[in-house]
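*Asks:* Next comes the sequence, and after it the predicted model I'd like to discuss.
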Amino acid sequence: MSLRLPATAARPGPLITGGTPTMSSREIADLVESRHDDVKRSIDRLVERGVIAQPPMADEPGSDAVGRARPTKIYRLGKRDSYVVVAQLSPEFTARLVDRWQKLEAQPTPALPDLSNPTTLKALLLQSLDSTIELQGRVAALAPKADALDRLADTDGMILISDAAKQLQMQIKELFAWLRANHWIFRRGHSKRDIGHADKIAAGYLAHKYRSILQGGETVLKEQVYLTPKGLTRLAVILGRELQ
């Protein structure tokens, strides 16, 4: 679902906010020599389990294989959570992470603006007003989508994965492959029947129920895994998809 930038793509520098540096998921991927999308999936799983807090997301400028501009979503993590992620992915690279944080923390903290200067204060107020107006516009644009997701999450109906793929505007095989790769569903032994992972069932994302199927001229009951409305909502957020 995510695109990997070519090696020549630009990497953003460390972000320092209020004197506290953060590290991007792209930087962590480079440190542990892993794919960026694998790192982000690991972060999502740790967030779901409540091990780390949901990190803020930003757009990293980059380009695709033919040179077209195409930003990539990255996470920004603090020091503690970055150690948790690396410990989950590749503990042997912890020394690299220590060295990287030492470099980040050695950078000088940007000086705070002089609020006693009327000109500086006026410029900051105008900048804040512009940001507020822009944010209000974004909130207004996202409100219908948020309402639709809330209504969906409150319903009781369960959804076949094949039907969920249509709502997520994905190929059915693509969604099944993603769910298996990201430990939502699996097949036991040589069975052709998908089963939901226990943690996803416990989280309320998946459920099993029996379905009547005509087989050999007889109606038999087959257990099948379903997405709950909560699970579909969660997938839409993780995959950045709009539900139809």
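*Replies:* Perfect, thanks for sending it.

*Asks:* Just give the nearest non-adjacent residue to W101, would you?
*Replies:* Spatial nearest neighbour of W101, excluding adjacent residues (C-beta to C-beta, 6 or more residues apart in numbering): K79 at 5.8 Å. All C-beta atoms are positioned from the backbone trio N, CA, C, and that covers glycine.

*Asks:* now do A53
*Replies:* That would be D81: by C-beta to C-beta, 6+ apart, it lies 6.8 Å from A53.

*Asks:* tell me how far the helix or strand that contains the one you found is from the chain's mean position?
*Replies:* Assigned by DSSP states H and E, D81 belongs to helix 79-89. Computed by C-alpha atoms, centre = their mean, to the nearest Å, the chain-centroid distance of helix 79-89 equals 16 Å.

*Asks:* Let the chain start at 234 from now.
*Replies:* Sure thing, new numbering starts at 234, so read that last one as helix 312-322.

*Asks:* got the buried residues for that helix?
*Replies:* Within helix 312-322, the residues scored as buried using 16 or more other C-beta atoms under 10 Å are D314, S315, Y316, V318, V319, Q321, L322.

*Asks:* Can you check the pLDDT for the fourth one?
*Replies:* Okay, so that is V318. What the model reports for V318 is a pLDDT of 88.

*Asks:* Which stretches in the protein count as strands?
*Replies:* 248-250, 253-257, 290-293, 305-310, 418-420, 427-429, 439-448, 451-460 (DSSP state E).

*Asks:* returning to what we had before: tell me who's in contact with the residue nearest to A286.
*Replies:* L279, I285, A286, P288 (C-beta atoms under 8 Å, 6 or more residues apart in numbering).

*Asks:* how does it look with 10 Å?
*Replies:* Contacts for D314 (C-beta atoms under 10 Å, 6 or more residues apart in numbering) come out as T255, M256, I276, L279, V280, V284, I285, A286, Q287, P288, Y308.

*Asks:* again with D427
*Replies:* Contacts of D427 (C-beta under 10 Å, 6+ apart): I394, F409, L412, R413, W417, I418, F419, R420, R421, L439, Q457, V458.

*Asks:* again, 8 Å this time
*Replies:* D427 sits in contact with I394, F409, L412, R413, I418, F419, R420, Q457, V458, where contact means C-beta under 8 Å, 6+ apart.

*Asks:* Just the buried ones out of those, please.
*Replies:* Using 16+ other C-beta under 10 Å, the buried ones in these are I394, F409, L412, I418, Q457, V458.

*Asks:* tell me which of those residues is nearest to Q340?
*Replies:* The closest of the buried ones among the contacts of D427 to Q340 turns out to be L412 (C-beta to C-beta; 41.4 Å).

*Asks:* between the helix holding D314 and strand 305-310, how big is the angle?
*Replies:* 110 degrees (axes from the mean of the first three to the mean of the last three C-alpha atoms, to 10 degrees).

*Asks:* quick one on the thing from earlier: would TSV of the buried ones among the contacts of D427 with pLDDT be doable?
*Replies:* TSV is the format used below for those (pLDDT from 0 to 100):
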residue	pLDDT
I394	88
F409	91
L412	92
I418	90
Q457	82
V458	87
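
*Asks:* before we move on, back to that, and the furthest pair within the contacts of D427?
*Replies:* Farthest pair in the contacts of D427, by C-beta to C-beta: R413 and Q457, 15.5 Å.

*Asks:* low pLDDT regions in this structure?
*Replies:* 234-252, 296-300, 341-348, 370-390, 444-448, 450, 452-454, 477 (pLDDT under 70).
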